[in-house]
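**Student:** pasting the sequence and the predicted model now:
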Amino acid sequence: MSPASLATADTSAKTEHFDVLIVGAGISGVGGAYHLQQQCPGKSYVVLEALEGFGGTWLAHKYPGVRSDSDLYTFGYRFKPWVGPPIATAQEILTYMNEVIEENDLGRHIRYGHKITNAEWSSKDNLWTIQATRTATGETLTFTANFLWMCQGYYRQNDGYTPEWPGMDKYQGQIVHPQNWPEDIELKGKKVLMIGSGATAATVLPAIAGECDHVTLLQRSPTYFIPGRNENELADTLRVLKIDETWIHEIVRRKILHDQDLFTRRAFEEPETVKQELLAGVTAFVGPEVVKEHFTPTYRPWRQRIAFVPDGDIFQAVGKGQASVVTDEIDHFTETGVVLKSGKALDADIVISATGFKLNVLGDIDFVIDGKPLNFADTVTYRGMMFTGVPNMVWVFGYFRASWTLRADLIGDFVCRLLNHMDEKGARKVEVALRNEDMEMLLSPWIDPENFNPGYLMRGMHLLPKAGNKPEWRHSQDYWKEKDELPQIDLDDAAFIYGGRPVAGSKAA
């Protein structure tokens, strides 16, 4: 079944009300719908998705070779066994998500082609009022909801970041960002210049290298990668032993998480040793001289995301001569290509700017709280999911050093527990606030740039909430702590402020 065919029937012009409104039908939103349906079966809910189908990133991105850079045993949901290769294509992920939707009858709750434009909270009514545009018709629709579950991701899916270099307007070739990949692009026999050194460049390059005349990867600085076979020997062994897939999923998932925890800690405790291990993996494909010149980062491991490269395919393309690497910076564009700061000229028929994302803060939705526009940067985050002064809302923001879905599942449990707790208290409103002991707390940026500093975060840090120097008031980015801490959050801690008139039928009524 295609994603669009799962859309519900047209809504009427009247305002529709739901207990919970989930924003986005990507990996987080579909997971949120599942958890809500399982743990809060009495709650009415709707999922509004701007695209014409589910999948988020995996539906929006159309560039060649698009795939996960996290293993699907941890990027997949904890409740749905993954049975394919660890690194999956976009289509494999969409097929997996479609199974989740169909097996749990989630499709009837999802409205596709509904782009939310603004959301306003009223403390008088203890309600969110949400306006959305039906993209197919331009019609404006209105919804009210008791609670907002923000699952829209963190970057603009169809609006990638390309720096403004001098002379770009003079270039006679085609400049393409992978997030806006044209269907009619012709690569055969062309000289392609790929700008960037991250996971997207490592995905696109091997997918097009055999088709182009040649691909030159131009990077300002190298990135760490983990090349390896796209298989999981433990999973394969357990399948030979006829172990049930549910058990395989859980066992392999735990093993991977154990190994990732060890690797992450080692990256901080013995960075030079880990660095040499990572470089050795690349050296096996391209040799020590190429690694020394083009694949040795200047930063310690894990200050930026490390992508898994299945079968070392990008390095194989370099080794075969289909691609080459240049480490330098662009000085300016010419009619035929670019001139580097070293003075070297690179001609290209097509330039692919795999140069990063543009941060998307709360879906670029205009938020208003009791008549006052919300400046998200004025808030302080509670564990990276709730925000001071913003009632009845949780945002799913995942991990950089572990699979995004791990946190989506944990937050799913938290939201459902919070909603059930509100019902028990008869509360219609909950928000977080700094406690007396937090008032003098030192505030800092959302993420510590000394520990993690990708370009898209550095460019957009001023748009994000502040973090405190206490565990409750920051996004720790540590799954291995949060898996134990989040389920133990005391929902009656002074950081949670409840309000609203008791709901009829509640224990407090």
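**Tutor:** Cool, the structure landed.

**Student:** what separation do you get for residue 248 and residue 31?
**Tutor:** From residue 248 over to residue 31 the distance is 20 Å, taken as C-beta to C-beta, to the nearest Å. C-beta here means a position set from N, CA and C on the backbone, and glycine is covered the same way.

**Student:** of these two, who's got more company?
**Tutor:** residue 31 (27 against 22; other C-beta atoms under 10 Å).

**Student:** just to check, that one is in contact with residue 406?
**Tutor:** No. Counting by C-beta atoms under 8 Å, residue 406 is not a contact partner of residue 31; they are 10.5 Å apart.

**Student:** can you map out the helices along the stretch 151-300 of the chain?
**Tutor:** Along the stretch 151-300 of the chain, counting by DSSP state H, counting those that start in this stretch, helices occupy 199-208, 233-240, 245-269, 271-286, 288-294.

**Student:** just give me the longest strand of the protein.
**Tutor:** In the chain, with assignment by DSSP state E, the single longest strand is strand 139-150.

**Student:** who does that one touch, helix- and strand-wise?
**Tutor:** For strand 139-150, the packing partners by 3 or more C-beta pairs under 8 Å, 6 or more residues apart in numbering; DSSP states H and E come out as strand 16-23, helix 27-39, strand 45-48, strand 114-122, strand 127-134, strand 393-395, helix 404-425.

**Student:** ok, which of these comes nearest residue 175?
**Tutor:** Distances from residue 175 to each of the helices and strands packed on strand 139-150 were compared by C-beta to C-beta, and the smallest falls on strand 114-122, at 26.9 Å.

**Student:** hmm, who's touching that closest one?
**Tutor:** Contact with strand 114-122 is made by 23, 48-50, 127-135, 140-141, 148, 363, 365-370, 390-392, as judged by C-beta atoms under 8 Å, 6 or more residues apart in numbering.

**Student:** can you flag the buried ones in those?
**Tutor:** Using 16 or more other C-beta atoms under 10 Å as the burial test, the contacts of strand 114-122 include 23, 48-50, 127-134, 141, 148, 363, 365, 367, 369, 390-392 as buried.

**Student:** average pLDDT across stretch 130-149?
**Tutor:** Stretch 130-149 shows a mean pLDDT of 97 in the predicted model.

**Student:** what's the span of that stretch from first residue to last?
**Tutor:** With C-alpha to C-alpha, to the nearest Å as the measure, stretch 130-149 spans 12 Å from end to end.

**Student:** which residues are in contact with that stretch?
**Tutor:** Against stretch 130-149 from outside (C-beta under 8 Å, 6+ apart): 11, 13, 15-23, 29, 32, 36, 46, 48, 50, 52, 113-119, 126-129, 392-394, 396, 415, 419, 428.

**Student:** one more time with 7 Å
**Tutor:** Contacting residues not belonging to stretch 130-149 are listed as 11, 15-23, 32, 46, 48, 50, 113-119, 127-129, 392-394, 415, 419, 428 [C-beta atoms under 7 Å, 6 or more residues apart in numbering].

**Student:** filter the residues you listed down to the buried ones.
**Tutor:** Buried members of the contacts of stretch 130-149, counted by 16+ other C-beta under 10 Å: 11, 16, 18-23, 32, 46, 48, 50, 113-116, 119, 127-129, 392-394, 415, 419, 428.

**Student:** how much space between the nearest residue to residue 150 once chain neighbours are set aside and residue 80?
**Tutor:** Computed as C-beta to C-beta, 6 or more residues apart in numbering, the closest residue to residue 150 that is not its neighbour in sequence is residue 395, at 4.1 Å. Between residue 395 and residue 80 the distance, using C-beta to C-beta, works out to 23 Å.

**Student:** so those two - more neighbours on which side?
**Tutor:** Under the neighbour definition other C-beta under 10 Å, residue 395 and residue 80 were set side by side, and residue 395 has more, 24 against 17.

**Student:** quick one: residues contacting the more buried one.
**Tutor:** Contacts of residue 395 were listed using C-beta under 7 Å, 6+ apart, and they are 150, 362, 385.

**Student:** is it true that the last one touches residue 394?
**Tutor:** Yes. The pair formed by residue 385 and residue 394 meets the contact definition of C-beta atoms under 7 Å, at 5.1 Å.

**Student:** overlap in contacts, those two.
**Tutor:** Applying C-beta under 7 Å, 6+ apart, one finds that residue 385 and residue 394 are jointly contacted by residue 411.

**Student:** before we move on, back to that, ok, the contacts of residue 395 vs residue 214, which is closest?
**Tutor:** Set against residue 214, the nearest of those by C-beta to C-beta is residue 362 (42.4 Å).

**Student:** what's around the closest one, how many residues?
**Tutor:** Counted with other C-beta under 10 Å, residues neighbouring residue 362 total 22.

**Student:** how much space separates residue 248 from residue 74?
**Tutor:** For residue 248, the distance to residue 74 equals 14 Å [C-beta to C-beta].

**Student:** ditto for residue 409
**Tutor:** Look at residue 409 and residue 74: by C-beta to C-beta, they are 10 Å apart.

**Student:** again with residue 495
**Tutor:** When C-beta to C-beta is the yardstick, residue 495 and residue 74 sit 29 Å from each other.

**Student:** okay, the closest residue to residue 305 other than its chain neighbours: pLDDT?
**Tutor:** Counting by C-beta to C-beta, 6+ apart, the nearest residue to residue 305 once its immediate chain neighbours are dropped is residue 400, at 5.6 Å. Note for residue 400: predicted pLDDT of 84.

**Student:** so residue 400, which of the three states?
**Tutor:** Here residue 400 is coil, with the state taken from DSSP: H, G, I helix; E, B strand; the rest coil.

**Student:** could you shift the numbering so residue one becomes 837, and keep it that way?
**Tutor:** Sure, I'll start numbering at 837, so the last one becomes residue 1236.

**Student:** so for the residue nearest to the spatial centre of the chain, what's the pLDDT?
**Tutor:** Nearest residue to the geometric centre of the chain (C-alpha atoms, centre = their mean): residue 989, 5.3 Å. Listed pLDDT for residue 989 reads 86.

**Student:** likewise residue 841?
**Tutor:** 36.

**Student:** now the one 4 residues further on
**Tutor:** At residue 845, the pLDDT value in this model is 37.
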